[in-house]
Each structure stands twice: as C-alpha cells, then as structure tokens.
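S.K.: predicted model, plus sequence, below.
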2 protein chains.
Amino acid sequence: MEKLYIGVDLGGTSIKVGIVTEKGEILHKKSMPTNLPQPEEVTEEKICKLCQEICKEKNLDINKDICAIGIGSPGNVNNKTGVIGFSNNFGYNNWHLKEKIEAKLGLRVEVENDANTAIIAEVLAGCAQGCPDAVILTLGTGVGSGVIIDGKIYAGYNKSGAEMGHMVISVGGRQCNCGRKGCFEKYASATALVYDTKVAMLGDTKSLMWKICPNINDVTSKTVFDAMELGDKTAKKVFDNYIEYLACGITNVVNIFQPEVLCIGGGISNQKEVLLKPLQEYLDREDYARGLTKRVKIKIATFRNDAGIIGAALVGVNNAR
Amino acid sequence: MEKLYIGVDLGGTSIKVGIVTEKGEILHKKSMPTNLPQPEEVTEEKICKLCQEICKEKNLDINKDICAIGIGSPGNVNNKTGVIGFSNNFGYNNWHLKEKIEAKLGLRVEVENDANTAIIAEVLAGCAQGCPDAVILTLGTGVGSGVIIDGKIYAGYNKSGAEMGHMVISVGGRQCNCGRKGCFEKYASATALVYDTKVAMLGDTKSLMWKICPNINDVTSKTVFDAMELGDKTAKKVFDNYIEYLACGITNVVNIFQPEVLCIGGGISNQKEVLLKPLQEYLDREDYARGLTKRVKIKIATFRNDAGIIGAALVGVNNAR
C-alpha cells in the first residue's frame, strides 16, 4: 500500500488539512476557520482535531497508517527545530509547533515555511520535478518565494532569506508593509493588480471593466484579464504595466539564481499563456544569459488550490529520505 | 613544506600571476599587459610564460613544486570543464582554457569565474572564513558578485547566475550595457560614483572637489571621499545619494540570501567604516530580518589588490579537497 502523509496548510484565515499520498495526490481533505486572534494552544488543538477527524472519516488509524505530518506555516520557521520564531499573521513568538503537535499526536511532525512547501511540491511531484535548482514565485496577497538549491530548501543563515517579494525594483517607490519603498510585491502581487485595476477604472468610466464588475469593491485580479479579452484598451494598459514590473522582478530573480525552472504560482498564474508569453518575450530581451542555449524555463506551477496541503505533506516525505 | 599553488588573475587589461601558499599568502608575483585584441593562442602563451617565469625566479620546478594552477577569468566559465563559453572582454567563444594550459604545462588547472574566485578567497582564508553561506559584492568597473551556498560556489543551472550587478533597482532607470535599464551596477559601481562626482562638480564650480582634482578627467572614486573629509557639502550629497542606491541593492541581496557574511570588495571598499556605518544604519531600518538576533554581518573584504591572484590560487586548493 502506498505511504500516506498528512499535510496541514496553516493560514491566517483557515486551517486546511489533507491526507496525501507520497506522489502528491489528495485522498481526503477538510478545513476550519483559524479565527485569530487566539492563544497558540487553541490553534494547536484545532490542528490536532482536524488531523484526527480526517483519519477517522477514511477509517485510518493516525498512528499506524500515517507516516508523518507536514505543516506549512507563514513566518520565520526553523525547519530543523520546528520552532516558528515570529509570525505576523498569528502574533505568536517562538512557537514550538513541532514539539507540541508531536506530543499530542505521537507522530513525527515537520514544519516548513509555507512559501517553501510550494516549491517542495513542485520539485517532488510538479512542474520542476527532479530539478536540483528551482525557484517559485507565488503571486497572491503578496509575492511569496521559495528556493531549492542542490535539492534542498535555501533560506540562508537565519532561515529568513528568499524574500524576493521584498526586493526593491523601484527605488523610492510604493510604500511596503516591510518598511521599504518600491518592493517587488507592491507591483506584482494580486493585491497590487487589483489596486491598479481600481485606479484605472476610476480614470475611465467607459471601460468595459465596469460592465464586468459594476461594483468597484468586487474587483479581483481576474477583472482585468476578462476585460482585456473583450478588447478593453484601459484593461490592456493595466496589464501591460503589470507585466512590465512582474517581468522586471522575475528577470532579477533569473539573473541572480538562473534556476533550471522558475515556477509561477498563486491566483494570477491561472492566466497561464496570457502571462507566460509576454514574460518570455521580456526575458528574451533582458535575461543576462539570453545568449546561451541553456535557459531558465518559466512554468506555471502544477499545484493550484491545494498546493499548501500537498506541499506540506511532501515536506514530511522529503525529510524522511 | 607548505603546499604551493599558482594563481592567475586573467583580466582584460593585464594578466597577473602569483605563487601562493594554501593559506593565501603570496610569495612572488608578476604581471604583463594582456594587449587585447589577440588570438586565444597568444593569451594562452602569455599565461604559460608568466607561470614558468615566476617559478624560475623562485628556483621552483613548476612540475614538482606546484600542486595546481587556478585561473580566475571574466565571462561565463564552466568550472567543471574549464571551458569559457563567452567572454565580452576577450571576445573568445568556447575557449577550452583548462585543457590548453594543462597540455602546455603538464599540471592540473582549475578555471573559475573571477567574481567567484574573490568569494572563495574570503571563505577559505578571509573575512568569511568557514562560513557555509557567504556573498561578495565587488564595487569596481561594474558590480561583480559571487555566492557560496553550503560551502560551494552557486552559479545556477547554466553557470551564469549570481549576476547581482544586473538586478534592476530602478525600473526604467539608467541604461546598462546588458540591455536593461536601472541595473544595480549603474548606481553602485566605482564607475557610477565617478560619473556622479563629475556631474556634481559641473553643477558646483565652488566645490572643494575642484581643489582636490582640478582636471575633471582625473576624478576617481576617491575624490568624493577626500572632499567630504574636508567638509564639502556637494561631495556629501554625492556620497549620500550613492549610499542610498548601494544600500538598496545590498538590502535586496540580504533579503534574498541572508548569508552569514556579506563581503564588500573592490576599490571603493578601501573607505571601510565610512561605507559600513551608513550601510548598517540602512540595513537596521530595511533588512527583512532586522528583528532577529542572527543578522547578516556586512564586512570589508580581506583581500585587496591581490584578491584575484589569491582567489584563483585558492580555487586550486579548494578543488583538491
């Protein structure tokens, strides 16, 4: 029988848990709201409850049938000790998550930063399978990033590296939460695209974007793509500007890492070729290694909505090797 | 007796060669002009001649007393095959340098990118000694960079990575030779500082910089520091602006790699504390990991003018391990 793992995608909004095969297939999943703020004991209790419930629902004995639990968490995670140094979302300090869950469930637990779980999933079972060097950028609320070098997660000396979202690409530009001005994520995240879409709509009351989305509060990162498909010029302008900044940051990452594969994940990556085509054209002009035959392959991440659960579970697989 | 190596610093202007101990001490050195353009055979002949001459001058038998020759070269170097894919400076394509020199001298030859030799020297015998993760930025004609991850040179899938000088920090900014606009090296190299100094001098005919350097063609990267020491306000403005861009790019590198040590080399690093103090202040405000106790240490590189020779020789030591 195939080995089974539990993956926990620990988010500020919800806790998602799934039973996952070692090939990255989800057999069963379940979630509940995180309900922050709450003491860390309550969050731990919720994680344990969900793990036990999904096992029961599939008639599995958590201690016999599950090899390990992998948890993907935001924040500064030490993947050796399983301690989360700090996490903006949760407001916990020095959270001994691995130790606590292991004590409660009697099972090996691995904790990893959630941006890193995404690249582990892609390298073990997704679009970067088998690549020793790979990078993921997830375009979501912010720009998350994960780096695999020589088959291992790279996070630097203090486990806080690979923060490509906080690379300034426009000196003195938009104010970022991190304290810097002009960070990549202030231009390339889904949040930034939504913001720029709203500004453009306010500037053009005749844009088809108003047809697609009569209430400006309902704008999503998809609005601009839908309007562009209908031939809306203002939407096209928003998109072109977005690509310019996205491609600039991606080319920086390419020039720095030259990975075999650079995966793009997060909601915006649903646009696939609409995104990849102009990105590749930009790279063909600006990649420092554009003259070489060995070029970085830009790909859309394989794992979509469940990437968090699958990636977390595969952290358990990876560390067992 | 201590093991001896030969280090070759192959530059567009001159070829510098030295006999170096495994601890990174130079016993004897010699150089000659490169005299480009010239066929690759002529460059190879010059390298061999210099290697043989320095040995003779120290009464050493090159085949008995020297363990290996390390060559640091600009361009896209494959450090396994010793082939230089392309090099702007030399104009050679697919140069089988390792093979050619080994055949001529009958000695093991290692070839490495010259930015990488600098970080190898610092990690083996300099300011980053023993660090598994370290980065060097050299502020010279351009901004060179070398990265050590887990004790090994990181250059990516196609050996062309770690080009931090070609990370855009100002979208649409100054035109760079690489084809991009706003590259880090267009603001943080010695060349950029000299350019900005000249512009400032032309804008202020009363600046003390004119006293230090009556002929504007003689301006160096030191001019602004000398004038600043005398209290010149225009020089201070040039410096403050330079630091703003330099610190921005360095903070990007810190946020991406979080290495144990980030070394600053090249001519401008002679300014030591004058440079380090404002850089550290900037990092204390903008480093994503500024809240942690484990912080990146910014240091001035140990090896100065002879860094190229020593680094190249230590590549020979490193690969022998």
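M.R.: Good, I have the coordinates.

S.K.: which residue packs closest to residue A:101, ignoring adjacent ones?
M.R.: Computed as Cβ to Cβ, 6 or more residues apart in numbering or on different chains, the closest residue to residue A:101 that is not its neighbour in sequence is residue A:109, at 4.6 Å. The C-beta positions use only the backbone N, C-alpha and C, and glycine is treated the same way.

S.K.: go on, residue A:190?
M.R.: That would be residue A:221: by Cβ to Cβ, 6+ apart, it lies 4.1 Å from residue A:190.

S.K.: any idea whether that neighbour is helix, strand or coil?
M.R.: Following DSSP: H, G, I helix; E, B strand; the rest coil, the label given to residue A:221 is coil.

S.K.: that one: neighbour count?
M.R.: Neighbours of residue A:221 under the rule other Cβ atoms under 10 Å in any protein chain shown: 21.

S.K.: could you do the one 4 residues further on as well?
M.R.: Residue A:225 has 20 neighbouring residues, counting by other Cβ under 10 Å.

S.K.: list the contacts of it.
M.R.: A:235, A:239, A:271, A:274 (Cβ atoms under 8 Å, 6 or more residues apart in numbering or on different chains).

S.K.: residue A:8 now?
M.R.: So residue A:8 contacts A:15-17, A:47, A:50-51, A:69-72, A:309, A:312 (Cβ under 8 Å, 6+ apart).

S.K.: ok, residue A:142 next?
M.R.: A:165, A:185, A:189, A:191.

S.K.: and the pLDDT for residue A:320?
M.R.: Confidence at residue A:320, expressed as pLDDT, is 54.

S.K.: again with residue A:107
M.R.: Looking at residue A:107, its pLDDT reads 95.

S.K.: tell me which helix or strand it sits in.
M.R.: If you go by DSSP states H and E, residue A:107 is not part of any helix or strand.

S.K.: number of residues surrounding the closest residue to it other than its chain neighbours?
M.R.: Nearest residue to residue A:107, sequence neighbours excluded (Cβ to Cβ, 6+ apart): residue A:69, at 5.7 Å. Neighbourhood size, residue A:69 [other Cβ under 10 Å]: 27.

S.K.: what comes up buried for the helix or strand where residue A:69 lies?
M.R.: Following DSSP H and E, one finds residue A:69 within strand A:66-73. Buried residues in strand A:66-73, counted by 16 or more other Cβ atoms under 10 Å in any protein chain shown: A:66-73.

S.K.: quick one: the helices in chain A?
M.R.: With helices called from DSSP state H, chain A shows them at A:40-57, A:62-65, A:97-105, A:114-125, A:185-188, A:190-203, A:209-212, A:223-229, A:233-257, A:273-286, A:307-320.

S.K.: which elements pack onto the second one?
M.R.: Of the remaining helices and strands, those touching helix A:62-65 by 3 or more Cβ pairs under 8 Å, 6 or more residues apart in numbering or on different chains; DSSP states H and E are helix A:40-57.

S.K.: distance from stretch A:165-172 to the middle of the chain?
M.R.: From the chain centre to the centre of stretch A:165-172 is a distance of 19 Å (Cα atoms, centre = their mean, to the nearest Å).

S.K.: likewise for stretch A:84-101?
M.R.: Distance, centroid of stretch A:84-101 to centroid of chain: 19 Å (Cα atoms, centre = their mean).

S.K.: mind exporting the C-alpha coordinates of it to CSV?
M.R.: This file holds the C-alpha atoms of stretch A:84-101, laid out as CSV (Å, rounded to 0.1, in the frame of the first residue of the first chain):
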residue,chain,number,x,y,z
ILE,A,84,8.3,29.5,14.5
GLY,A,85,10.4,32.5,15.6
PHE,A,86,7.8,35.1,14.7
SER,A,87,4.7,35.2,12.5
ASN,A,88,3.0,38.4,11.7
ASN,A,89,-0.3,36.6,10.9
PHE,A,90,-0.6,34.7,14.2
GLY,A,91,1.2,37.1,16.5
TYR,A,92,3.0,34.2,18.2
ASN,A,93,6.6,34.4,19.3
ASN,A,94,8.9,31.4,19.5
TRP,A,95,6.1,28.9,18.9
HIS,A,96,7.4,25.3,19.4
LEU,A,97,4.9,23.9,17.0
LYS,A,98,6.6,20.6,16.1
GLU,A,99,7.2,19.6,19.7
LYS,A,100,3.6,20.5,20.7
ILE,A,101,1.9,18.5,17.9
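
S.K.: buried residues in stretch A:153-169, which are they?
M.R.: A:153-169.

S.K.: would you point out which residue of the stretch 51-200 of chain A is nearest chain B?
M.R.: Taking Cβ to the nearest Cβ, chain B has its nearest neighbour within the stretch 51-200 of chain A at residue A:156, 2.8 Å off.

S.K.: so what's that residue up against?
M.R.: Counting by Cβ under 8 Å, 6+ apart, the residues that residue A:156 touches are A:162, B:133, B:257-259.

S.K.: ok, now with 7 Å
M.R.: B:133, B:257-259 (Cβ atoms under 7 Å, 6 or more residues apart in numbering or on different chains).

S.K.: what do you get for residue A:295?
M.R.: Contact analysis of residue A:295 by Cβ under 7 Å, 6+ apart lists A:287, A:289.

S.K.: give me the nearest residue to residue A:151, chain neighbours excluded.
M.R.: residue A:132 (5.2 Å).

S.K.: find the nearest non-adjacent residue to residue A:280, please.
M.R.: Nearest one to residue A:280, counting by Cβ to Cβ, 6+ apart, is residue A:298 at 6.2 Å.

S.K.: and what of residue A:75?
M.R.: Excluding the flanking residues, the one nearest residue A:75 by Cβ to Cβ, 6+ apart is residue A:87, at 2.9 Å.

S.K.: backbone torsions only: list them for that neighbour.
M.R.: phi -150, psi 110 (degrees, to the nearest 10).

S.K.: low-confidence bits of the stretch 51-200 of chain A, can you list those?
M.R.: Within the stretch 51-200 of chain A, no stretch has pLDDT under 70.

S.K.: what parts of it come near chain B?
M.R.: Residues of the stretch 51-200 of chain A lying near chain B by Cβ under 7 Å from any Cβ of the partner chain: A:85-86, A:133, A:149-150, A:154, A:156-158, A:160-164, A:166-171, A:178-180.

S.K.: identify the bridge partners of the residue nearest to residue A:280.
M.R.: residue A:262 (DSSP bridges).

S.K.: I'd guessed it sits against residue A:278; true?
M.R.: No: judged on Cβ atoms under 7 Å, residue A:298 makes no contact with residue A:278 at a distance of 10.9 Å.

S.K.: tell me how far residue A:162 lies from residue A:33.
M.R.: 29 Å (Cβ to Cβ, to the nearest Å).

S.K.: I meant to write residue A:205 there.
M.R.: 38 Å.

S.K.: tell me which of those two has more neighbours.
M.R.: Per other Cβ under 10 Å, whichever of residue A:205 and residue A:33 has more neighbours is residue A:33, with 10 against 7.

S.K.: ok, for the more buried one, nearest residue in space, not its chain neighbours?
M.R.: residue A:14 (5.5 Å).

S.K.: next up, the contacts around the one you found.
M.R.: Contact analysis of residue A:14 by Cβ under 7 Å, 6+ apart lists A:31-34.

S.K.: circling back: OK, contacts around the residue nearest to residue A:75?
M.R.: A:73-75.

S.K.: brilliant, that's me finished.
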